[in-house]
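Participant: Sequence first, then the predicted structure:
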Amino acid sequence: MLTFIEIEFLKLKRSKIFLLSLMGAILPPLLMFIAVTSFDEGQTFEALFSNVNMYMSAMFAVLIFAIIISYLFGREYNEHTLKTMLTIPISRGKFLMSKYVMFLVWILMLTVVTSVSTLIFGFAAGLEGFSVNLFIDSFAQLLYANVLLFLTFSPFVFLSLFITNMVPAMVGGAALSLVNLMVYGQNWAPFVPWVCPYLIASGEIAQYATSISVSYGVILATFVIGLAVSYIYFTKKDVAL
Amino acid sequence: MADYVIETNNLSKIYSKNKVVNSVNMHVERGKIYGLLGKNGAGKTTTMCMLLNLTYPSSGDIYLFGKNPKVDSGESYSKIGSIIETPGFYENLTAYENLKIIAKIRGDYDPYHINSVLKMVNLEDAKSKKYRDFSLGMKQRLGIAAAIMHSPELLILDEPINGLDPFGIKEIRALLKRLAHEFGITILISSHILSEIENIADVIGFMDNGVLIEEISKDDLYSRLNKFVEFEVANVDLAVNIFRELELKENEDFTVSGNTICLYTHLELRDKFNELFVKAGIDVRKLNLCEENLEEFFTRFVSNN
């Protein structure tokens, strides 16, 4: 599997999408930095980390992850490389799994970039109240939220196999981000797979009447269904040339 | 008993009631170059995709190296190099990096070997050039490099000379012949360009409307090419009347096109026919003994079948 990850990284060489995703990961901290310096919002590191984590995992990450998924899977169709890869040969199951793992690794990198850039912007804005423990807690919260969010993206894998164009993924991701904003705060938010990760990771789930295990169940069910559907579709469908 | 590297048994593919490959029984012998010849849409690419497990057959069996690939865990596929239609490579990567990815997955990455393969297909100067900047001919050559990099026992090449200039075609043709005859690599190559298949193949499979009509060795093919006599005469109607009086049938024994009559039977009597024409006052401008070329043979063969 390490070879596959190494190869996936090699495929990203000179890739604009990779750079764009990194810029996307920096965007929430940058926006919060502008808010802090321009509108005096959240004068402490704690508030900055909290706001960045919320905007990142409930809004920006949804859009960025949708684009990443679409690129990771769709490019193999759009650049006609799938036939080259599968005839090496690689088993279709292994190929699909390597993409899932790469997606997770990519998410981990974005999480690090978001957290570190938040830290840098926080110091640049001259905020107070920094501690290593606060940073570690904030990073762990964002990491947990993003990993849970990763699980909810398996249906997007199926969609990107089915519609290989990146445009629907971008539109879908943007739409889902808006839906997340609308749903956030509603009673049934813990039932929505793409909102649950932030609610669970931030601890806000405790404010809802629904049990946390229901949200975990929703995330797990989404993952299993998406994984099963994408696996069946990818392994049973003829390769488009 | 012949040693077949590829053998199919009633191989078929149906796309929404449309049978694009219909009960194909293909036999590709070890060490031979097998040319799959057919018009666009004849089913050549689909057949090759099924051989490579890119497309699943609707029915029928495939045997690669004498084994059913479904039960040998894909071992057969590792002995195959292939190009299907235009080669697919990562556009943001260079030729070298693309080959590196393939070699890494195969577990036989060797920079020296990649360089020597690029040299073999005349891409050593373009190894650092991004794939997106390649011409179609360069893409085809990189596809061939990727296909032969792991020294396969079998090459499956779908229209590999597409986009190549005449010099490129000559080079690739020579390379493929060398791979087959010096290194014993079996090659299955498809094309709709008859002259190309005629130039390169030892055995030709004629495919039309999803059906593999016949597999013919090149020697056998040449012996089956029709011979005919071509008369160019001043008065065609009179000459045709003479043939009719001799009970020769139009479109069966002879055909007429302008001032030319092509005679397909009784060729040994051509001098007698010439005498008859001259005696009847017909000016015979030309009398040629001709042989059908592959294109004419293919057209006749397909329409007869």
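Facilitator: Yep, it's here. The structure displayed is predicted, hence computed values, not measured ones.
Participant: from here on, contacts and neighbour counts on C-alpha atoms
Facilitator: OK.
Participant: Would you mark the buried spots in the top helix by length along chain B?
Facilitator: If you go by DSSP state H, chain B has its longest helix at helix B:166-181. By 16 or more other CA atoms under 10 Å in any protein chain shown, the buried positions in helix B:166-181 come out as B:Gly168, B:Ile169, B:Glu171, B:Ile172, B:Arg173, B:Leu176, B:Lys177, B:Leu179, B:Ala180.
Participant: Is the spatially most central residue of chain A in a helix, a strand, or coil?
Facilitator: The residue lying closest to the centre of chain A (CA atoms, centre = their mean) is A:Phe65, at 4.0 Å. Using DSSP: H, G, I helix; E, B strand; the rest coil, the secondary structure recorded for A:Phe65 is helix.
Participant: what about it, distance to chain B?
Facilitator: 21 Å (CA to the nearest CA, to the nearest Å).
Participant: need the contact list for that residue.
Facilitator: A:Ile107, A:Phe150, A:Phe153, A:Gly173 (CA atoms under 8 Å, 6 or more residues apart in numbering or on different chains).
Participant: on that earlier part again, hmm, who's touching the longest helix of chain B?
Facilitator: Here helix B:166-181 makes contact (CA under 8 Å, 6+ apart) with B:Gly31, B:Lys32, B:Ile33, B:Val121, B:Gly137, B:Ile161, B:Ile185, B:Thr186, B:Ile187, B:Ile200.
Participant: Just the C-alphas of it, formatted as PDB.
Facilitator: What follows is helix B:166-181, C-alpha atoms only, in PDB (Å, rounded to 0.1, in the frame of the first residue of the first chain):
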ATOM      1  CA  PRO B 166       5.500   7.500 -42.300                       C
ATOM      2  CA  PHE B 167       8.900   7.400 -40.600                       C
ATOM      3  CA  GLY B 168       7.400   6.600 -37.300                       C
ATOM      4  CA  ILE B 169       5.300   3.900 -38.800                       C
ATOM      5  CA  LYS B 170       8.400   2.400 -40.400                       C
ATOM      6  CA  GLU B 171      10.300   2.500 -37.100                       C
ATOM      7  CA  ILE B 172       7.400   0.900 -35.100                       C
ATOM      8  CA  ARG B 173       6.800  -1.700 -37.700                       C
ATOM      9  CA  ALA B 174      10.500  -2.700 -37.600                       C
ATOM     10  CA  LEU B 175      10.500  -2.700 -33.800                       C
ATOM     11  CA  LEU B 176       7.400  -4.900 -33.600                       C
ATOM     12  CA  LYS B 177       8.900  -7.300 -36.200                       C
ATOM     13  CA  ARG B 178      12.100  -7.400 -34.200                       C
ATOM     14  CA  LEU B 179      10.200  -8.100 -30.900                       C
ATOM     15  CA  ALA B 180       8.300 -10.900 -32.500                       C
ATOM     16  CA  HIS B 181      11.100 -12.600 -34.500                       C
END
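Participant: Show me where chain B has its strands.
Facilitator: Along chain B, the stretches classed as strands by DSSP state E are B:4-15, B:18-24, B:27-29, B:33-38, B:59-64, B:80-83, B:154-158, B:186-191, B:203-208, B:211-217, B:227-233, B:254-257, B:260-263, B:284-291.
Participant: what about those, which gets the closest to B:Arg270?
Facilitator: When those are compared by CA to CA, strand B:227-233 sits nearest B:Arg270, at 7.3 Å.
Participant: Now do that closest one, average pLDDT.
Facilitator: When pLDDT is averaged over strand B:227-233, the result is 89.
Participant: what residues does that strand touch?
Facilitator: Outside strand B:227-233, the residues that touch it by CA under 8 Å, 6+ apart are B:239, B:259-265, B:267, B:270, B:282-292.
Participant: what about 6 Å?
Facilitator: Strand B:227-233 is contacted from outside by B:259-264, B:283-292, using CA atoms under 6 Å, 6 or more residues apart in numbering or on different chains.
Participant: Give me the below-cutoff pLDDT ranges for the chain.
Facilitator: Using chain A here. Along chain A, the parts satisfying pLDDT under 70 run over A:40-42.
Participant: right idea, wrong chain: chain B
Facilitator: For chain B, the ranges with pLDDT under 70 are B:1, B:73, B:305.
Participant: again, 80 this time
Facilitator: B:1-2, B:72-74, B:162-163, B:223-226, B:291-305 (pLDDT under 80).
Participant: Show me the domain layout of it.
Facilitator: For chain B, automatic domain parsing gives the domain ranges B:4-216, B:225-304.
Participant: Check those for me and report the most buried one.
Facilitator: Ranked by mean neighbour count under mean count of other CA atoms under 10 Å in any protein chain shown, these are led by domain B:4-216, which reaches a mean of 20.
Participant: re the thing from before, in CSV: the domains of chain B, plus distance to A:Glu204.
Facilitator: As requested, these are exported to CSV (distance: least, CA to CA, whole Å):
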stretch, distance to A:Glu204
domain B:4-216, 43
domain B:225-304, 73
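Participant: closest one to A:Val52 among these?
Facilitator: Of the domains of chain B, the one closest to A:Val52 (CA to CA) turns out to be domain B:4-216, at 32.7 Å.
Participant: A:Thr84 is in contact with A:Glu76, correct?
Facilitator: No - A:Glu76 is beyond contact range of A:Thr84, at 9.2 Å (criterion: CA atoms under 6 Å).
Participant: Of those two, give the one with the bigger neighbour count.
Facilitator: Taking neighbours as other CA atoms under 10 Å in any protein chain shown, A:Glu76 and A:Thr84 compare with A:Thr84 leading, 24 against 19.
Participant: show me what contacts that one?
Facilitator: Going by CA under 6 Å, 6+ apart, A:Thr84 touches no other residue.
Participant: what about it, distance to A:Leu63?
Facilitator: Distance of A:Thr84 to A:Leu63, given as CA to CA, to the nearest Å: 30 Å.
Participant: try A:Ile69
Facilitator: 10 Å.
Participant: ok, for the residue of the stretch 201-305 of chain B found nearest chain A, nearest residue in space, not its chain neighbours?
Facilitator: Proximity to chain A, evaluated over the stretch 201-305 of chain B using CA to the nearest CA, is greatest for B:Gly210 at 17.8 Å. Nearest residue to B:Gly210 in three dimensions, chain neighbours excluded: B:Val21, at 4.0 Å (CA to CA, 6 or more residues apart in numbering or on different chains).
Participant: Is the one you found in contact with B:Lys13, as I believe?
Facilitator: Yes - using CA under 6 Å, B:Val21 makes contact with B:Lys13 at a distance of 4.9 Å.
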